[in-house]
Each structure stands twice: as C-alpha cells, then as structure tokens.
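**Q** got a predicted structure plus its sequence, pasted below:
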Amino acid sequence: MDNNIMKIGMIGLDTSHVPAFAELLNDANHAYHVPGAKVVVAYPGGSEDFELSISRVEGYTETLRNQYGVQIVNSPEEVAELSDAILLESVDGRVHREQFARIAPYGKPVFIDKPFTLSSQDAAEMFKLARQHNIPLMSCSALRYAEGLSEVLAAEDKGAIIGMDVYGPMAIQPTQPGLFWYGIHTVEMLFRTLGKGCLSVTATKNEDHDLVVGVWKDGRIATLRGNRKGNNRFGALIHREQDTQFVDVYAHPKPYYASMLERVMKMFASGVPDIDPEETEQIIRFIEAANESRETGKTVLL
C-alpha cells in the first residue's frame, strides 16, 4: 500500500455506515470518493441483546472481508495497533465508552458514530480521556452535514439566525432511549444551526409524535418535532431576522454521510475536530433533558 495512504480501522460492523464508508474510501471510482485513506482492518463487535446490531454483523463483516479486502481481527486493540485512525461505528451507544477506553492509550484519532454515548457523564469522561491521551475525537450524525443545510447556513444575506423548527422521523429503540436513536439526527441539525448555549428543554409526547422546545440563553427558541406517524422525511425551517428559509436535505444527490466523512478525514489529517467537544457534550445533555421532560412533562434545566 502507498505509504501516503492513511490506514483506517473500523470497530463495530453493525451499521449501514460500515459498507458505505468502506466504499467511499476504498473505491476510487465512486462518484463521491474520499481520497487519501483506506479501510484496512476491522473488529466486528455487535450487541447480543440488540437485534438491529447483532443481526447485521455477519453480513457487513463478509462485505468488508470479501469486497474490500479488509483484515478482520479479534479485538478493538488490534484495530488500534494496525491503523492510523479509527472509525468507531458500533451502532449501540452503550458500548462506546468501554470501547473507546480500550483504544485511547494507542493515541490514534477517533470518530465515534452517533450516538456518541447515552449519558452526559460518559461524554465528559470520554473527552477527558481524549485529552489525557492527546486524541482528536469527534462524533456526530451525518444529518449535521447535509448539503441542503450547509447551503442555507452559508447564505447569510437574510440576517442573523433567530430560531429554528426542525423535524424528522423518531422511531423508539429501547436500548437507545428516547431521542438517542433517531431523535439525535434532528438535535444535531439544531445545534449546528444555533450552536451551544441551550438553557432549558420542555418535551411532550404521545404514541405518534414528540415535540421538544429548547430555549437558548440569548433568547432564541427552537422546536424539534419527532414523528412516528406520517412521512419519514427530515427537514427544517431556519428563521432569520429578514426571512425564513426552508432546509431541503434531499435537494442534493451527495449523501449526508459522504459530506460527513470528508470532515472526519480532515480531522484525521489535521488533528483538529470540526466540532467543539463542549458542543457534543451539550448535545448529549440536551437529549438527556428532553428524555426526562418527555417522561415527566416538566421543563428541565441544562
């Protein structure tokens, strides 16, 4: 292999991002090929008590081995030893802290797919560990980098952003409670747009829908609608001082995950994450607060 090609390791072969990322990195003929790196080693993992995890491991492992020539190993530590940077892809947020703790001593940059973790305490501990080992660490949903959202955010001729209404599907998965499963996609879009500084969260739910209201410390208010009935499309309205802009995340053929992977590879090369760790910690706390509020009906302070 070319010495200039970064060797990427994968941990957790139980999400559709696994073959998608391998194709983008390893197939130079792909329309959205991300150059400069290849997936060379992987650890399958999988959560026995999570059907959407364990049922996918065998198929994705075979795809990586047979289609992309990826070496399959028996532990996260082996992945860390044999790679220059790591994509921690395990679909189960419950295992991320433990898996990250095992690879952190190797000092390799790490991207952790959503959800980063399922508690703000774990999030703080993971970033503390990253600082101790001087590891660039980043986590997000691919929806954060949807080209339709990026275009609207770049169009600043309508004044400052004063609020946002975002919506999307919100299936419930008991092992990843409340908003941690599908709700995290819309939360990521929200925080990319409004940034840090949410003060309080109020949520309501019924069988078909969730509605979450966040109030920022500068007075901006945002809503997040999660649907379990009706269409399964994501979208948003971004309110500016002089206009309201519709975010069409389906307007571009480029997949969200391709745009995200470009940012991840930039971090791997530069050592500088695209997202402030404090923002990622606030996202996890926002989801915790929304989950608490949707059960109690009370406003929760962050």
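**A** The structure has been received and is ready for your questions.

**Q** every contact and neighbour count from this point should use C-alpha atoms.
**A** Fine.

**Q** check which residues of stretch 107-118 are buried.
**A** 107, 108, 109, 110, 111, 112, 113, 114, 115, 116, 117, 118 (16 or more other Cα atoms under 10 Å).

**Q** go on, stretch 270-286?
**A** Neighbour counts over stretch 270-286 (16+ other Cα under 10 Å) mark 271, 272, 273, 277, 279, 280, 281, 282, 283, 284, 285, 286 as buried.

**Q** tell me the contacts of the fourth one?
**A** It refers to residue 277. 127, 137, 138 (Cα atoms under 8 Å, 6 or more residues apart in numbering).

**Q** doesn't residue 111 make contact with the second one?
**A** Pointing back at residue 137 there. Yes. Using Cα atoms under 8 Å, residue 137 is in contact with residue 111, at 5.9 Å.

**Q** of the buried residues of stretch 107-118, closest to residue 133?
**A** Each of these was scored against residue 133 by Cα to Cα, and residue 107 proved nearest at 5.8 Å.

**Q** hmm, residue 137 and the closest one touching each other?
**A** No. Using Cα under 8 Å, residue 107 makes no contact with residue 137, being 10.5 Å away.

**Q** same for the helix or strand of the chain with the lowest mean pLDDT, what does it pack against?
**A** In the chain, the helix or strand scored least confidently by mean pLDDT, DSSP states H and E is helix 51-68, which has a mean of 95. Here helix 51-68 touches helix 17-26, strand 71-72, going by 3 or more Cα pairs under 8 Å, 6 or more residues apart in numbering; DSSP states H and E.

**Q** and the first one, which residues are buried?
**A** This points to helix 17-26. Buried-residue list, helix 17-26, by 16+ other Cα under 10 Å: 17, 18, 19, 21, 22, 23, 24, 25, 26.

**Q** strand partners (parallel or antiparallel) of whichever helix or strand comes after it?
**A** Where DSSP states H and E defines the elements, the next helix or strand beyond helix 17-26 is strand 37-43. Here strand 37-43 has these sheet partners by DSSP bridges: strand 6-11 (parallel), strand 71-72 (parallel).

**Q** most tightly packed of those strands?
**A** Highest mean neighbour count among the strands paired with strand 37-43 (mean count of other Cα atoms under 10 Å): strand 6-11, with a mean of 24.

**Q** can you flag which of the buried residues of stretch 107-118 belong to strands?
**A** Judged by DSSP state E, strands contain the following of the buried residues of stretch 107-118: 110, 111, 112, 113.

**Q** so the closest residue to residue 63 other than its chain neighbours versus residue 60, what's the distance?
**A** Leaving aside its chain neighbours, residue 63 sits nearest to residue 19 (7.0 Å; criterion: Cα to Cα, 6 or more residues apart in numbering). Counting by Cα to Cα, to the nearest Å, the gap from residue 19 to residue 60 is 7 Å.
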